[in-house]
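**Student:** structure for this input, please:
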Amino acid sequence: MFRAASRLLSIYPKPDPEIILVETPSQLEKQIGVARVQTLQAVSEARAHVQGWIDRWIGIEHAVENRVKSIISPQESLTPGLLYVGIAALSGSIIARNRFLVTRLILPPTLLVLSANHFLPKTTTNLREYFASLEDTYFPTFSEKHEIAKAHSSMTWERIKEATASGREHINHGAVVLVDKTQEVTGLKIRETLGWGGEAKKRDTLDKGVEAAKEKVEKKVEEVKRIV
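**Tutor:** The predicted model follows:
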C-alpha cells in the first residue's frame, strides 16, 4: 500500500528544467575575427615602423643642428657675412661671363673661397675641418694624397717666399752699390736724398764693430797658442 502511494504523482509542480545555450560562431564570424586580429597587428606594426622613422628623423635633425652650431662661430654674424660672400661669388660670375671657359670655371669659386676666408674666417675654418674629418673617415686614400699635395704646396710657397726675399736682397744690394758708385763718380749726395744716410752709417758702424770683434778674437787665439 505504501509502495503504491509512493508511485503516485506529487501534488507540487515540477521545477523547469535548466536550459544551457552554447554559442557556436559561424564560419563567417570566425573568418571575420581572424581578419580583425591580423588587421590590428598590421596597424600596430605600421605604427611602430612609422614611429621608428620619426625618431630617426628627429635624431638626424638634432645631429644636423648640433653640427651646424659647431661649425658656425658665435663670434661672427652670418647675416652680412653670407651676403658679402654671395655678392663676391656673383661678381666673379659676372666678371668672367665674357671670358674664357677656364676663367668662368675658376674665378667664381675662387672669389667665393677668398671672400669666405675674409668675411667669415672662423666659420670657414670650422667647415674646412669638418670636410677634412669626413675625408679622413670615408676617403682615407684621397685624404693622404690631399695631405701630400698640401705639404708640397706649402714647401713650394716657402721656396717662393725665400726666393722672393733673396731676390729683394740682391736687388737692394745692387741698388746700394750702384748708388755708392754714382755718388763716388758724381759727388752728389744721393744717399741723403733717398734717405739712406742713416742706414749707411748704421751699416758702417756694424761692419766696424764686426771687424773689431774679429781682431780681438784673433788676438786671443794667438795668445792662447803662445801659452800652449
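
**Student:** does E61 count as helix, strand or coil?
**Tutor:** Assigned by DSSP: H, G, I helix; E, B strand; the rest coil, the conformation of E61 is helix.

**Student:** let me know the pLDDT of it.
**Tutor:** Here, the pLDDT recorded for E61 equals 90.

**Student:** what of N66?
**Tutor:** pLDDT at N66 comes out at 90.

**Student:** ok, I160 next?
**Tutor:** If you check I160, the pLDDT there is 84.

**Student:** next: W53.
**Tutor:** pLDDT at W53 comes out at 93.

**Student:** where's it relative to E215, distance?
**Tutor:** Look at W53 and E215: by Cβ to Cβ, to the nearest Å, they are 88 Å apart. Quick note: C-beta positions are derived from backbone N, CA and C, even for glycine.

**Student:** and stretch 25-34, C-alpha only, in CSV?
**Tutor:** Output of stretch 25-34 as CSV, limited to C-alpha atoms (Å, rounded to 0.1, in the frame of the first residue of the first chain):
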residue,chain,number,x,y,z
PRO,A,25,30.1,31.0,-34.0
SER,A,26,29.6,30.5,-37.6
GLN,A,27,32.4,30.1,-40.2
LEU,A,28,31.9,33.7,-41.4
GLU,A,29,32.3,35.0,-37.9
LYS,A,30,35.5,33.0,-37.4
GLN,A,31,37.0,34.4,-40.6
ILE,A,32,36.0,38.0,-39.6
GLY,A,33,37.7,37.6,-36.2
VAL,A,34,40.9,36.3,-37.8
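
**Student:** in this protein, which helix has the most residues?
**Tutor:** Scanning the chain for the longest helix, with DSSP state H as the assignment, gives helix 140-186.

**Student:** all helices of the protein, in order?
**Tutor:** For the chain, applying DSSP H gives helices covering 2-6, 27-71, 78-95, 101-119, 121-138, 140-186, 190-194, 197-227.

**Student:** and the angle for the longest one with helix 121-138?
**Tutor:** By that I understand helix 140-186. In terms of direction (axes from the mean of the first three to the mean of the last three Cα atoms, to 10 degrees), helix 140-186 departs from helix 121-138 by 140 degrees.

**Student:** quick one: helix 140-186 to chain centroid distance?
**Tutor:** Put simply, helix 140-186 sits 32 Å off its chain's centre (Cα atoms, centre = their mean, to the nearest Å).

**Student:** that helix packs against which elements?
**Tutor:** Applying 3 or more Cβ pairs under 8 Å, 6 or more residues apart in numbering; DSSP states H and E, we find helix 140-186 packed against helix 121-138, helix 190-194.

**Student:** which stretch in those has the least confidence?
**Tutor:** Of all those, helix 190-194 carries the lowest average pLDDT, namely a mean of 63.

**Student:** how about low-confidence regions in the chain?
**Tutor:** When residues are selected by pLDDT under 70, those of the chain lie in 1-10, 143, 179, 183, 185, 187-214, 216-228.

**Student:** need the helices and strands packed on helix 140-186 in TSV with mean neighbour count and distance to E169, can you?
**Tutor:** Listed next are the helices and strands packed on helix 140-186 as TSV, based on neighbours: other Cβ atoms under 10 Å; distance: least, Cβ to Cβ, whole Å:
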stretch	mean neighbour count	distance to E169
helix 121-138	14	32
helix 190-194	14	17
